[in-house]
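Enquirer: need the 3D shape of this:
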Amino acid sequence: VQLVESGGGLVQAGGSLRLSCAASGRTFNSYSMGWFRQAPGKEREFVAALSWSGGNTLYAAFVKGRFTISRDKAENMLYLQMNSLKPEDTAVYYCAAKFGSILYQLSDRYTYWGQGTQVTVSS
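Expert: Here you go, the predicted structure:
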């Protein structure tokens, strides 16, 4: 499985970004995928997850309706639409995948990881 993120960048507080993750190497119908982030000096934290087949979703509490995870099954693309960005959202964002439809917030449940994309939100 290969996961390649894109779409990060510099944005002002209150702005929006859409992250993309191109997935390849498998048929993902039996997989779940998630987004995590890691800020400097902090541990990696869960952002959102989605079951590839059924489209069930799970979000971290801090998302509070600002972020939306989605996928394009035909293109094998995972997305994270981020609105109302705050400086504290600044982090490297990672795409991750695991076999099975159960959604987890724990990073050690995910087997495959992308290289990450930097998101910087200025105040």
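Enquirer: please make it C-alpha for all contacts and neighbour counts, starting now.
Expert: OK.
Enquirer: any idea how far residue 99 is from residue 106?
Expert: According to CA to CA, to the nearest Å, residue 106 and residue 99 sit 14 Å apart.
Enquirer: so which of these two has more stuff around it?
Expert: residue 99 (17 against 11; other CA atoms under 10 Å).
Enquirer: quick one: secondary structure of the spatially most central residue of the chain?
Expert: Geometric centre of the chain, nearest residue: residue 35, 2.2 Å, by CA atoms, centre = their mean. Put simply, residue 35 is strand when judged by DSSP: H, G, I helix; E, B strand; the rest coil.
Enquirer: so it touches residue 91, yeah?
Expert: No: applying CA atoms under 8 Å, one finds residue 35 not in contact with residue 91, separated by 11.8 Å.
Enquirer: now the end-to-end length of stretch 69-80.
Expert: End-to-end for stretch 69-80, by CA to CA: 5 Å.
Enquirer: isn't residue 4 up against residue 22?
Expert: Yes: with contact defined as CA under 8 Å, residue 4 and residue 22 form a contacting pair (5.1 Å).
Enquirer: is it fair to say residue 93 lies in a helix?
Expert: No: judged by three-state DSSP, residue 93 forms no part of a helix; its state is strand.
Enquirer: show me what contacts the residue lying closest to it once chain neighbours are set aside?
Expert: Among residues not flanking residue 93 along the chain, residue 37 sits closest, at 4.2 Å (CA to CA, 6 or more residues apart in numbering). Residue 37 makes contact with 44, 45, 46, 47, 91, 92, 93, 94, according to CA atoms under 8 Å, 6 or more residues apart in numbering.
Enquirer: then residue 3?
Expert: With CA under 8 Å, 6+ apart, residue 3 has these contacts: 21, 22, 23, 24, 95, 96, 112, 113, 114, 115.
Enquirer: burial measure for the fourth one, as a count.
Expert: It refers to residue 24. Residue 24 has 14 nearby residues by other CA under 10 Å.
Enquirer: do a quick rundown of the strands in the protein.
Expert: For the chain, strands defined by DSSP state E occupy the ranges 2-6, 9-12, 17-24, 31-38, 45-51, 57-59, 67-72, 77-82, 91-99, 112-113, 117-122.
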